[in-house]
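*Asks:* The following comprises the amino acid sequence and a computationally predicted model.
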Amino acid sequence: MRVGLHALGIGDGARPEVIRAVATAAEKHGFARLWCGEHVVLVDAPASRYPYSADGRIAVPADADWLDPLLALTFAAAVTSRIELASGVLLLPEHNPVLVAKQAATLDVLSAGRFSLGVGVGWSAEEFAALGVPFAERGRRTEEYLAAMRALWAEDPASFTGEFTRFDAIRVNPKPLRGGRLPVVVGGNSDAALRRAATLGDGWYGFNVAAADVPARVAALADECARHGRTFDELTVAVAPSDGTPEHLPALGAAGVTELVVVGTPPPAPDAATWVAELARTWIRPEECGAPTPA
């Protein structure tokens, strides 16, 4: 099973020297992909419930540095040559889809085809209010934006007419390097997110899911694929377990997970590369730290 690393863009992980150290060490030690998430806005006392923790609160302080993921991953692309890159996730309904299509394709070109666009609908009503985007429409907006962006990536000139966006005979270049198609990973653990992944995505990213709950979520994703005429094997399945250990890897693989994503906060630059190496020994080469090797 592939192992990815979600560690860039926040706090110490927002420092350029840390991004450089983590990215180059992750590539050296065999991590498959670097993930970077997004919030444009945080507030001190949100009324919105964070869906990825038991207490409904996000662990990141509101005053923490949080980089734009596409810019952070562009920096990571410049200091690496092989490791894949993914936004995990970009909150698509908060953005102009024409601009995101341009930015994502640009990152794909600059990284020589290593980028996957991970998207989600968002959870913070306060963030949407600050950006002037209706919170209640975010699901429909996400689905339409994905369709519009795929048209921009594949067609030249491109036209699209929808409820939230429309354009006629426009040229947006560069195009993604893989035949005018950029892989889209849909994040979120809800039934609606699984439906979007099955109908619109090339993969699913389950974040902070209890390891024991992963098989049921993956089975629900497979059911959605069957319901909408897709083969489950068409999708990549990346999961960041909230309580995972290397011993969970065989069971997760048997359930259909193709990438285990390790989530962590890197230390300052002098220790960042060592931190990545220790994670690799734990998750990619567990025999080096005395743990049993996953089957």
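*Replies:* On my side now, so go ahead.
*Asks:* Could you list the buried residues of the strand or helix carrying L99?
*Replies:* Assigned by DSSP states H and E, L99 belongs to helix 97-110. For helix 97-110, burial by neighbour count (16 or more other Cβ atoms under 10 Å) applies to 97-98, 100-109. All C-beta atoms are positioned from the backbone trio N, CA, C, and that covers glycine.
*Asks:* for stretch 214-226, same thing?
*Replies:* 214, 217-218, 221-222, 224-225.
*Asks:* Longest helix in the chain, please.
*Replies:* The longest helix of the chain (DSSP state H) is helix 138-154.
*Asks:* and it, what other elements does it pack with?
*Replies:* Helices and strands touching helix 138-154, by 3 or more Cβ pairs under 8 Å, 6 or more residues apart in numbering; DSSP states H and E, are helix 97-110, strand 115-120, strand 158-161, helix 191-200.
*Asks:* chain center to that helix: distance?
*Replies:* On the basis of Cα atoms, centre = their mean, to the nearest Å, helix 138-154 sits 17 Å off its chain's mean C-alpha point.
*Asks:* Next, count neighbours for L42.
*Replies:* By other Cβ atoms under 10 Å, 17 other residues sit near L42.
*Asks:* How about I58?
*Replies:* Count around I58 with other Cβ under 10 Å applied: 18.
*Asks:* and if you look at L70?
*Replies:* Using other Cβ under 10 Å, L70 has 20 other residues around it.
*Asks:* all numbers from here: first residue = 754
*Replies:* Renumbered: residue one is now 754, and that last one reads L823.
*Asks:* Tell me what angle the longest helix of the chain forms with strand 868-873.
*Replies:* 160 degrees (axes from the mean of the first three to the mean of the last three Cα atoms, to 10 degrees).
*Asks:* Buried ones in helix 891-907, by neighbour count?
*Replies:* 891-892, 894-899, 901-906.
*Asks:* Quick check: mean pLDDT of that helix?
*Replies:* Regarding helix 891-907, the rounded mean pLDDT is 98.
*Asks:* Report the angle between that helix and helix 944-953.
*Replies:* Computed by the same axes, to 10 degrees, the angle separating helix 891-907 from helix 944-953 equals 20 degrees.
*Asks:* Mind listing residues that contact helix 891-907?
*Replies:* Defining contact as Cβ atoms under 8 Å, 6 or more residues apart in numbering, one finds that helix 891-907 is touched by 845-846, 848, 850-851, 853-855, 857-858, 872-875, 881, 886-887, 911-913, 915-918, 920, 923, 925, 928-929, 933-935, 937, 945, 949, 953.
*Asks:* cool, and stretch 792-806?
*Replies:* Contacts for stretch 792-806 (Cβ under 8 Å, 6+ apart): 809-817, 819, 844, 847, 876-880, 883-884, 942-943, 960-961, 995.
*Asks:* and the angle from the host helix or strand of A825 to helix 850-863?
*Replies:* Following DSSP H and E, one finds A825 within helix 822-831. With the same axes, to 10 degrees applied, the angle from helix 822-831 to helix 850-863 works out at 10 degrees.
*Asks:* on that earlier part again, from the contacts of helix 891-907, which would you call buried?
*Replies:* Applying 16+ other Cβ under 10 Å to the contacts of helix 891-907 flags 845-846, 848, 850-851, 853-855, 857-858, 872-875, 881, 886, 911, 913, 917-918, 920, 925, 928-929, 935, 937, 949, 953 as buried.
*Asks:* Tell me if I'm right that G764 and D818 touch.
*Replies:* Yes - assessed by Cβ atoms under 8 Å, G764 is found in contact with D818 at 6.3 Å.
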